[in-house]
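Enquirer: for reference, the sequence and a predicted model appear below.
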2 protein chains.
Amino acid sequence: MEQTLPYSRNRPCRAAAVARWDGEADVIVVGFGAAGACAAIEAARAGARTLLVEAASAHGGTSALSGGEIYVGGSGGTLQQRTAGFSDDTEDLYRYLMLAGGPDADADKVRLYADHSLAHFEWLQAQGLVYKNSFIAERIVEPFTDDCLIWSGSEQAWPFCEQAKPCPRGHTPQWEGLGGGKLLMDTLAARVAELPVEVRYDTRAQALINDDDGRVCGMVLRSAGVDRCARAQRGVVLCAGGFVMNRDMIRQHAPQMARSNMPIGTVDDGSGIQLGQSVGGHAIHMSEGFVTLPWYPPEQLIKGIFVNEQGQRFVNEDGYHGRTAQHILQQSGTRFWLLLDQDIYAEPAFSEFAKIGIGAAGETWDEVERDLELPAGSLTGTVAVYNRHAAEGRDPLFRKQPKWLKPLTQPPFVALDCRIDHAVYFSFTLGGLDTRPSGEVLDASRRPIPGLYAAGRTACGLPRWGAGYSSGMSLADATFFGRQAGLAAASHAKG
Amino acid sequence: MEQTLPYSRNRPCRAAAVARWDGEADVIVVGFGAAGACAAIEAARAGARTLLVEAASAHGGTSALSGGEIYVGGSGGTLQQRTAGFSDDTEDLYRYLMLAGGPDADADKVRLYADHSLAHFEWLQAQGLVYKNSFIAERIVEPFTDDCLIWSGSEQAWPFCEQAKPCPRGHTPQWEGLGGGKLLMDTLAARVAELPVEVRYDTRAQALINDDDGRVCGMVLRSAGVDRCARAQRGVVLCAGGFVMNRDMIRQHAPQMARSNMPIGTVDDGSGIQLGQSVGGHAIHMSEGFVTLPWYPPEQLIKGIFVNEQGQRFVNEDGYHGRTAQHILQQSGTRFWLLLDQDIYAEPAFSEFAKIGIGAAGETWDEVERDLELPAGSLTGTVAVYNRHAAEGRDPLFRKQPKWLKPLTQPPFVALDCRIDHAVYFSFTLGGLDTRPSGEVLDASRRPIPGLYAAGRTACGLPRWGAGYSSGMSLADATFFGRQAGLAAASHAKG
């Protein structure tokens, strides 16, 4: 009779139908990215027998593809922030994160994170991560060096700057060049290896197992083509990433994101979210995602203006590069340009990588408009209005800050080609299972599903609104709330 | 032991835990709006013992609040279309509906509906509905008279007009004045009353009941404060509306829709969707909704242009009024105006109802711009570009069709105030359970949940993209696919 019922990631297996348990742990963690690693560390440290399963053959997940940057601050500021001359009040961090979370920011999660962000940064260092005491003042995407602190969001841009005192909060581990996420994951994995955590690679979570009163009490795990039932005495923690690689789910939930041509993911097939949904977990904000085109540095490009295929501006260009890209994604056309004049022209640092080329150049904006085949008066009208106000140090249309305003009057003029169907727009999903700050997965009435926890992009966390995303938010959320979920699962008495 | 398990709309009740079945039917239909009525009619006609439960004290649901209009055509055209001089090719209807369904249009549903739309219109007439053989050529929202055929969508507007030969397809039942939805529902309810359908009002669907292999086999129904278990031998059909009245769900799935201040709903608390999700049903396109501001008739207003608070146009104004409103909803600001000149000025027919007043007027557009406190050059620049091209009979920015183009040059000029936080924007949700054309509810892997069906706004149907909505699509979908679901449930052999 064993294993004859049609379980799947969408259908839980009934505990009563399990003829034999092939293994047992207190806590089973699914996924060995940043969230899963932190959940396993905390569960094991809390004394739980912890099993960490990973579909791939190695640790890392999508976290290892990232820059390894963490969005932290508050409580007066990190060493790096204070050394660079910034104090960071917890309430400023709180207000920034609430605004960044959009119209349904999770106040409970934001509160907990704002209060404990600094302590969390210390915890990461206690796991072995090293952060240089340095600050890069220029607006960049990620350090090419081993430096730490950067402006990684929209802190200095409207409307954020009006709600919270601006402070740089992106902290990148000490690592020469891009790609600190690999270092982050290697460091967390080394810590996992020191703890009594059983790690199984090449193992897929096939289904949840729940008992007759709805408590999640185990999982069906597949490795080498064989399904085995593992009991989880205290809980299951889903840290299996988002769904950006599942094109069906993208089409069904976030069709706008299909316009991005470079999903950032490893597995990220939505299986974590689907497992949670199979037992009543409620997925929210499934239409939201992070998207970006790394169009700066150098930061002088921020003095340019973006226009759509109507020749209109649509956003203040001094926000986070992902905020610009989010607004591009929301426009209906496919053609977008960054307009620059001789004074500020530079080749974007990532121009080759991101396929940003020159769309047109000319001695007058009229010439550029014609070259781009834009309707007469459209682009030139936009530039005229922008220049008129920029000369007065104002941007009444989109409230770009004075620091970045200058009339685009010095020929030759250039339009950098940022077509959404050509340039490289990176993306990952932000929607996921609704959870408490403890990681408990909630149903649509916000009641917890006993025995089930989630973190990282399998959950809907601090970042849940594309236009508010800042670099480091997803890893901050994954590591911090991964820890909470591991702790909560470990401390849950057997059901 | 009876009823002690914690079932809810989010937790199914296990059949094994039901100590006593209090009643039995072949098919249980939840909700007595248009979808539920049609499901019950077809189930009963197919010989199924049918129980129709409704939370309210009377039939009607949100369908009864509507204009009663149905989007039909194809197969050469209805009598009304042909009499008015239109032939309507099935493939034109198909292509229009595919475009209207947006980036994830359901080709299977569109195919079935396009092929059988004309026959469905005849079926509605066989149920007792009467449609006058008349056509109103002017672009309106709903007839104030008892007339039938109107242009109820974006058929003549770009990009629709390039994909499918334009044809009017909104058919309103013969009924003097607005509100034909009540007539529609009274007629369908009279038909239900003639058939062996047991109707129970004031009865809420508390939970689904499923057996150990996941088949839905009944419901917990609450009336007069008592929960009773009703067995459904063949299936349960969820036709309980959308979720526009559930403000938590709106915030979690479609926060943009919270900007609409007039949700159109009766119950529409998302309970139908949640019931489906409780057993693994997959809800899709939950961020999408219909929204409108009835800003025309008279149709001459379509010759005006809409601007946002940057003084920019953002849509071709000759589409369906709901398409304009959808684009308004997607803009970031709150202030919007319809710009008119003396030649085309008129008071909108619904100005009082929709709270559309005059925002500013002036002898020059400069004066209007200043009055509206818009940045110098913004609105005037937009009007100049529009006028320049309109004089040539073109709208290169948004492709409004030549019929509606005229330069706005005749003073005095007027800006009608359509602020989204003041004028009345109506809305309902379009996201819901993923279903087959048969109404079978699907899980995230698109496998059917045995015994479970859905239709109407509990399902994600033909209309699933706000910017493509046309009047009559939701009722067309609810009645046609309600019928399919009733039939499919009735013909399903006992599990």
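Expert: Structure received. Since we're looking at a predicted model, the values are computed, not measured. Numbers count the residues shown, from 1 in each chain, chains lettered A, B, ... in the order given.

Enquirer: chain B contacts on the stretch 101-250 of chain A?
Expert: A:102-104, A:212-214, A:248-249 (C-beta under 8 Å from any C-beta of the partner chain). Bear in mind the C-beta positions are built from the backbone N, C-alpha and C, glycine included.

Enquirer: all the helices of chain A, residue numbers only.
Expert: Applying DSSP state H to chain A gives helices spanning A:34-45, A:79-83, A:90-100, A:107-126, A:160-163, A:180-194, A:247-253, A:271-278, A:321-330, A:351-354, A:365-371, A:378-390, A:473-491.

Enquirer: okay if I get the ones you listed as a markdown table plus mean neighbour count?
Expert: Putting the helices of chain A into a markdown table (neighbours: other C-beta atoms under 10 Å in any protein chain shown) gives the following:
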| stretch | mean neighbour count |
| --- | --- |
| helix A:34-45 | 31 |
| helix A:79-83 | 18 |
| helix A:90-100 | 22 |
| helix A:107-126 | 18 |
| helix A:160-163 | 16 |
| helix A:180-194 | 20 |
| helix A:247-253 | 21 |
| helix A:271-278 | 28 |
| helix A:321-330 | 25 |
| helix A:351-354 | 14 |
| helix A:365-371 | 19 |
| helix A:378-390 | 22 |
| helix A:473-491 | 28 |
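
Enquirer: in JSON lines, list those along with mean pLDDT.
Expert: As requested, these are arranged in JSON lines below (pLDDT from 0 to 100):
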{"stretch": "helix A:34-45", "mean pLDDT": "98"}
{"stretch": "helix A:79-83", "mean pLDDT": "98"}
{"stretch": "helix A:90-100", "mean pLDDT": "98"}
{"stretch": "helix A:107-126", "mean pLDDT": "98"}
{"stretch": "helix A:160-163", "mean pLDDT": "96"}
{"stretch": "helix A:180-194", "mean pLDDT": "97"}
{"stretch": "helix A:247-253", "mean pLDDT": "97"}
{"stretch": "helix A:271-278", "mean pLDDT": "97"}
{"stretch": "helix A:321-330", "mean pLDDT": "96"}
{"stretch": "helix A:351-354", "mean pLDDT": "93"}
{"stretch": "helix A:365-371", "mean pLDDT": "98"}
{"stretch": "helix A:378-390", "mean pLDDT": "98"}
{"stretch": "helix A:473-491", "mean pLDDT": "98"}
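
Enquirer: one step back: out of the residues of the stretch 101-250 of chain A next to chain B, which is nearest to A:Leu374?
Expert: A:Gly102 (32.0 Å; C-beta to C-beta).

Enquirer: you'd agree that closest one is up against A:Pro463?
Expert: No: using C-beta atoms under 8 Å as the test, A:Gly102 is too far from A:Pro463 to be in contact (9.1 Å).

Enquirer: strands paired with the lengthiest strand in chain A, and their directions?
Expert: Across chain A, the strand with the greatest residue count (assigned by DSSP state E) is strand A:226-238. Strand A:226-238 has its sheet partners listed here by DSSP bridges as strand A:23-30 (parallel), strand A:216-223 (antiparallel), strand A:448-454 (parallel).

Enquirer: and A:Gly102 and A:Pro463? which has more neighbours close in?
Expert: Using other C-beta atoms under 10 Å in any protein chain shown, the more surrounded residue of A:Gly102 and A:Pro463 is A:Pro463, with 29 against 18.

Enquirer: assess the claim that that one and A:His285 are in contact.
Expert: No: A:Pro463 is beyond contact range of A:His285, at 9.7 Å (criterion: C-beta under 8 Å).

Enquirer: tell me, what's touching these two both at once?
Expert: A:Leu430 (C-beta atoms under 8 Å, 6 or more residues apart in numbering or on different chains).

Enquirer: and the longest strand of chain A, how far from the chain's centre?
Expert: Put simply, strand A:226-238 sits 27 Å off its chain's centre (C-alpha atoms, centre = their mean, to the nearest Å).

Enquirer: pull out the buried positions in that strand.
Expert: If you call a residue buried by 16 or more other C-beta atoms under 10 Å in any protein chain shown, then strand A:226-238 has these buried ones: A:227-238.

Enquirer: from the residues of the stretch 101-250 of chain A next to chain B, which shows the smallest pLDDT?
Expert: Minimum pLDDT for those is recorded at A:Asp213 (85).

Enquirer: any idea how far A:Arg251 is from the closest residue in space to A:Glu299 that isn't next to it in sequence?
Expert: Take A:Glu299 and drop its neighbours on the chain: the residue closest to it by C-beta to C-beta, 6 or more residues apart in numbering or on different chains is A:Arg139, 4.0 Å away. From A:Arg139 over to A:Arg251 the distance is 34 Å, taken as C-beta to C-beta, to the nearest Å.

Enquirer: in this structure A:Pro168 contacts A:Trp151, no?
Expert: Yes: counting by C-beta under 8 Å, A:Trp151 is a contact partner of A:Pro168 at 4.5 Å.

Enquirer: the nearest residue to A:His327 once chain neighbours are set aside: neighbour count?
Expert: Closest residue to A:His327 apart from its sequence neighbours, by C-beta to C-beta, 6+ apart: A:Val315 at 4.0 Å. Applying other C-beta under 10 Å, we find 23 residues neighbouring A:Val315.

Enquirer: tell me how far A:Val315 lies from A:Ala157.
Expert: 9 Å.

Enquirer: just A:Ile273 next, same as before
Expert: 31 Å.

Enquirer: check A:His116 too.
Expert: Counting by C-beta to C-beta, the gap from A:His116 to A:Ala157 is 26 Å.

Enquirer: and A:Asp366, by the same measure?
Expert: From A:Asp366 to A:Ala157 the distance is 30 Å (C-beta to C-beta).

Enquirer: hang on, A:Thr292 packs against A:Ile328?
Expert: No: assessed by C-beta under 8 Å, A:Thr292 is found out of contact with A:Ile328, at 9.7 Å.

Enquirer: circling back to that earlier point, joint contacts of A:Val315 and A:Ala157?
Expert: Joint contacts of A:Val315 and A:Ala157 (C-beta under 8 Å, 6+ apart) are A:Arg323.

Enquirer: coming back round to it: overlap of the contact sets of A:Thr292 and A:Ile328?
Expert: With C-beta under 8 Å, 6+ apart as the test, A:Thr292 and A:Ile328 both reach A:Tyr425.

Enquirer: identify the residues contacting A:Glu42.
Expert: Here A:Glu42 is in contact with A:482-484, A:486-487, A:490 (C-beta under 8 Å, 6+ apart).

Enquirer: what is the nearest of those residues to A:Gly47?
Expert: A:Ala490 (6.8 Å).

Enquirer: measure that closest one to chain B for me?
Expert: Between A:Ala490 and chain B the distance is 25 Å, computed by C-beta to the nearest C-beta, to the nearest Å.

Enquirer: what's the answer for A:Ser134, then?
Expert: Applying C-beta to the nearest C-beta, one obtains 36 Å for the distance of A:Ser134 from chain B.

Enquirer: so that residue makes contact with A:Asp147?
Expert: Yes: counting by C-beta under 8 Å, A:Ser134 does reach A:Asp147; the two are 4.4 Å apart.

Enquirer: which of those two has more neighbours?
Expert: A:Asp147 (20 against 17).
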